[in-house]
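Asks: whatever this is, show me its structure:
(2 chains)
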Amino acid sequence: MSTLISCQNVNKFFGSKQALKDVSFELNVGETTALVGPNGAGKTTLFSILCNYHLPSSGDVSIFGKKPGSTALVGRVGALPQDAQLDPRFAIKHQLELYAKLQGFSKKEAQSECLRVLERVELSHVLNERPAALSHGMRKRVTIAQALIGSPELVMLDEPTAGLDPANARNIRQLVMDLSGDASFIISSHNLDELERLCSTVLLLEQGNLSQQEIGQQAANNQQSITLLLEPTELAATELLTSIQGVKGIEMVNKQEFIVKYDAFNSPTFDIELIQGLQQHGLQYRQLTKGLSLEQQLFA
Amino acid sequence: MQPTTTLPQQGAMRSVWLISQFELTRLFLTKRGAVLLAAFAIVWFLILKYPVSYSVGILGNESFGDNITVFSSQLNLDYLLQWAYSEVAVYWLFAIFIFPFIAVLMTSDQTASDATRGTIRFLLLRTSRNQLLFGRFIGQLIIISILIALTMFAAFAMGVWREPGSALTAIPQLLLVASNLVLVCLPFIALMALFNSWIQSSKLSVVFTIILLPIVTGIISWLSGHISVLEHLLMAIPGVQLTDTVQMASFHYSSITIPLVQTAAYLGLAQFVLTRKAL
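Replies: Reported below is the predicted structural model:
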């Protein structure tokens, strides 16, 4: 598998504040990667370095073997930068067509490509509108559309669903899932449920320090756990769960959420037994997840 | 969908040209551009209606051939009496001092608002910082050149209307006027590109140029009175050659070399700042 992004010992200082501390990681082509971390952890700084908006203070960064900002990457990398806005003075069509032409499309090709990407975000009807005439969510979707011009091999999305209503957020997630076979994605978000569904790799940034985890691999190592979300109940859920056959331990996350530990070797059909046990004890479940949730993996 | 493949060199030139073209639409198709054009048209309507249309009388004045004081300099403008159209001559006198200000005002937002808004980030995914800088500069240069051409031909048309027979004789003078005006404006446009890269505010770029430059010029002039070698610093100030250019109105060292070197230096500095700046 070829390398998509390579970061080696990247540091970034803003004055005396160090935003990124010796960050090193490698991502492979085809992966969908989550970039997570608390506010101020350095996510947007790392994004900005990958997009060549910021230069690293030290260290090496390459995308497809090229330096960020290299003209060889034009058309291969698309991005949704955080808080970037389109020019309010020009129609959407006018701006997206310019971007397409800068990527090498002819005038006619640019027109049809502009329409294609707007259709992908279900906004082809705003082609001739100016950004000021659109709602926040629509503007966000248009900026996601610009990231898809030319079907880039790598798409970096900084907070793609922030500010979107649930229906549109779902559409964007669906869009990423649809395209994930054809393009690699890096998605920065605070919505861990969303990232869990979309991504195979997690880059966790905390105070400028980075750790890298495989979501699938992590789940495989924790097959002794099931994360259980119950409907609200007056029953003593912890005791009842402990009494279910095969349960090795219960960890209470909150009043409704539990991590149920079991022995996968001795109880290969534990998930079925768990559901049966819940039914016997009169407990209704809302969600049952094999392994730890991303939130549990990262922050527990 | 994949675009038509272009060679990297063609791609770079094409990007610069596409960005330049977009600048034209920025002036001619946006509200801000329309307001600037309206203000420009009013100013030039007044200049053409009064001083230029009464140019025959102005140049015919006996005292005109003598020294005229403009900006505290003694200007010898006798050569203007030889020009085919007095309208073009008077236009030249106004344009050479007005167009630098127009260039500053009209080209004050090359990258500043895009950088503030974040629009520049969409562009930088598709073009290099150098291409963006030079594309915007060339676009602004084309705009100013168009405005120079429009106003100059208006003055010329007034002259031809009065005396059609001398139209051909005036062509060398028109070329000289147009070339000199573009040369005069070049460093001001480049200076706006530099200030935009540096302070990322079109308003501050204008303030720096219109307020700070005369102050800096005054300080250098005062200091050079004490330390004569400092006089060379004036060569960095755009428009330093204006009084020489207006007196000779021919292609000579100061009217060509000084603005070209200043333009190259400002653009070089702008490129240095922009390629290192966080955007």
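Asks: ranges for the strands of the stretch 51-200 of chain A?
Replies: A:58-63, A:77-80, A:154-158, A:184-188 (DSSP state E, counting those that start in this stretch).
Asks: looking at those, which is nearest to chain B?
Replies: With respect to chain B, and counting by C-beta to the nearest C-beta, the nearest of the strands of the stretch 51-200 of chain A is strand A:77-80 at 5.7 Å. Using the backbone N, CA and C atoms, a C-beta is placed for each residue, glycine as well.
Asks: show me what contacts the residue nearest to B:Ser201 when sequence neighbours are not counted?
Replies: Closest residue to B:Ser201 in three dimensions, ignoring its sequence neighbours and counting by C-beta to C-beta, 6 or more residues apart in numbering or on different chains: B:Ala112, at 5.4 Å. Residues in contact with B:Ala112 (C-beta atoms under 8 Å, 6 or more residues apart in numbering or on different chains) are B:Asn196, B:Ile199, B:Gln200, B:Ser201, B:Ser202, B:Ser205.
Asks: dump the strands of the stretch 51-200 of chain A to JSON lines, plus distance to B:Pro100 and mean neighbour count.
Replies: Conversion of these to JSON lines gives the following (distance: least, C-beta to C-beta, whole Å; neighbours: other C-beta atoms under 10 Å in any protein chain shown):
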{"stretch": "strand A:58-63", "distance to B:Pro100": "43", "mean neighbour count": "17"}
{"stretch": "strand A:77-80", "distance to B:Pro100": "39", "mean neighbour count": "27"}
{"stretch": "strand A:154-158", "distance to B:Pro100": "42", "mean neighbour count": "24"}
{"stretch": "strand A:184-188", "distance to B:Pro100": "46", "mean neighbour count": "23"}
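Asks: I'd like those strands as JSON lines, with distance to A:Ser16 appended.
Replies: As requested, the strands of the stretch 51-200 of chain A are exported to JSON lines (distance: least, C-beta to C-beta, whole Å):
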{"stretch": "strand A:58-63", "distance to A:Ser16": "15"}
{"stretch": "strand A:77-80", "distance to A:Ser16": "29"}
{"stretch": "strand A:154-158", "distance to A:Ser16": "25"}
{"stretch": "strand A:184-188", "distance to A:Ser16": "25"}
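Asks: per-residue pLDDT of the residue nearest to B:Ser201, please?
Replies: Looking at B:Ala112, its pLDDT stands at 94.
Asks: repeat that for B:Pro259.
Replies: According to the model's per-residue confidence, B:Pro259 sits at a pLDDT of 95.
Asks: then A:Ile215?
Replies: On the pLDDT scale, A:Ile215 is placed at 62.
Asks: check B:Gln82 too.
Replies: In this prediction, B:Gln82 carries a pLDDT score of 82.
Asks: ok, B:Met1 next?
Replies: The predicted local confidence for B:Met1 comes out at a pLDDT of 65.
Asks: wait, what's in contact with the residue lying closest to B:Phe122 once chain neighbours are set aside?
Replies: For B:Phe122, ignoring the flanking residues on the chain, the nearest one in space by C-beta to C-beta, 6+ apart is A:Gln146 at 5.8 Å. Going by C-beta under 8 Å, 6+ apart, A:Gln146 touches A:Gly78, A:Leu80, A:Leu86, A:Gln95, A:Leu96, A:Tyr99, A:Val117, B:Phe122.
Asks: please apply the same query to A:Phe13.
Replies: A:Ala19, A:Ser57.
Asks: that one pairs with what?
Replies: A:Gln18 (DSSP bridges).
Asks: also the one 10 residues further on?
Replies: With beta bridges defined as DSSP bridges, A:Val23 has these partners: A:Val10.
Asks: got the domain boundaries for chain A?
Replies: Here the domain assignment for chain A is A:3-218, A:222-299, based on automatic domain parsing.
Asks: return the most buried member of these.
Replies: Each of the domains of chain A was assessed for mean neighbour count using mean count of other C-beta atoms under 10 Å in any protein chain shown. The highest is domain A:3-218, with a mean of 19.
Asks: quick one on the thing from earlier: now distance to B:Glu87 and pLDDT too, for the contacts of A:Gln146, in JSON lines please.
Replies: Converted to JSON lines, the contacts of A:Gln146 look like this (distance: C-beta to C-beta, whole Å; pLDDT from 0 to 100):
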{"residue": "A:Gly78", "distance to B:Glu87": "55", "pLDDT": "95"}
{"residue": "A:Leu80", "distance to B:Glu87": "55", "pLDDT": "95"}
{"residue": "A:Leu86", "distance to B:Glu87": "45", "pLDDT": "95"}
{"residue": "A:Gln95", "distance to B:Glu87": "42", "pLDDT": "96"}
{"residue": "A:Leu96", "distance to B:Glu87": "46", "pLDDT": "96"}
{"residue": "A:Tyr99", "distance to B:Glu87": "45", "pLDDT": "96"}
{"residue": "A:Val117", "distance to B:Glu87": "53", "pLDDT": "96"}
{"residue": "B:Phe122", "distance to B:Glu87": "46", "pLDDT": "96"}
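Asks: would JSON lines of the residues you listed with distance to B:Leu133 be doable?
Replies: Listed next are those as JSON lines, based on distance: C-beta to C-beta, whole Å:
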{"residue": "A:Gly78", "distance to B:Leu133": "23"}
{"residue": "A:Leu80", "distance to B:Leu133": "24"}
{"residue": "A:Leu86", "distance to B:Leu133": "21"}
{"residue": "A:Gln95", "distance to B:Leu133": "19"}
{"residue": "A:Leu96", "distance to B:Leu133": "23"}
{"residue": "A:Tyr99", "distance to B:Leu133": "18"}
{"residue": "A:Val117", "distance to B:Leu133": "27"}
{"residue": "B:Phe122", "distance to B:Leu133": "16"}
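Asks: which of those lies closest to B:Cys185?
Replies: Distance to B:Cys185, by C-beta to C-beta, is smallest for A:Gln95 among the contacts of A:Gln146, at 28.2 Å.
Asks: which one, of the strands of the stretch 51-200 of chain A, ends up nearest to B:Leu191?
Replies: Evaluated over those, closeness to B:Leu191 peaks at strand A:77-80, with 31.9 Å, by C-beta to C-beta.
Asks: for the closest one, packing partners?
Replies: In terms of contact count using 3 or more C-beta pairs under 8 Å, 6 or more residues apart in numbering or on different chains; DSSP states H and E, strand A:77-80 is assigned the packing partners helix A:136-147, strand A:154-158.
Asks: could you dump it to CSV, C-alpha only?
Replies: The C-alpha trace of strand A:77-80 is given here as CSV (Å, rounded to 0.1, in the frame of the first residue of the first chain):
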residue,chain,number,x,y,z
VAL,A,77,-5.8,17.1,-3.0
GLY,A,78,-9.1,18.7,-2.1
ALA,A,79,-9.8,20.4,1.3
LEU,A,80,-12.5,22.1,3.3
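Asks: partner strands of that strand and their direction?
Replies: strand A:154-158 (parallel).
Asks: just the CA trace of the partner strand, in PDB.
Replies: What follows is strand A:154-158, C-alpha atoms only, in PDB (Å, rounded to 0.1, in the frame of the first residue of the first chain):
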ATOM      1  CA  LEU A 154      -7.200  13.000  -1.000                       C
ATOM      2  CA  VAL A 155     -10.000  15.000   0.600                       C
ATOM      3  CA  MET A 156      -9.300  16.800   3.900                       C
ATOM      4  CA  LEU A 157     -12.400  18.000   5.700                       C
ATOM      5  CA  ASP A 158     -12.100  20.200   8.800                       C
END
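Asks: many thanks, we can stop here.
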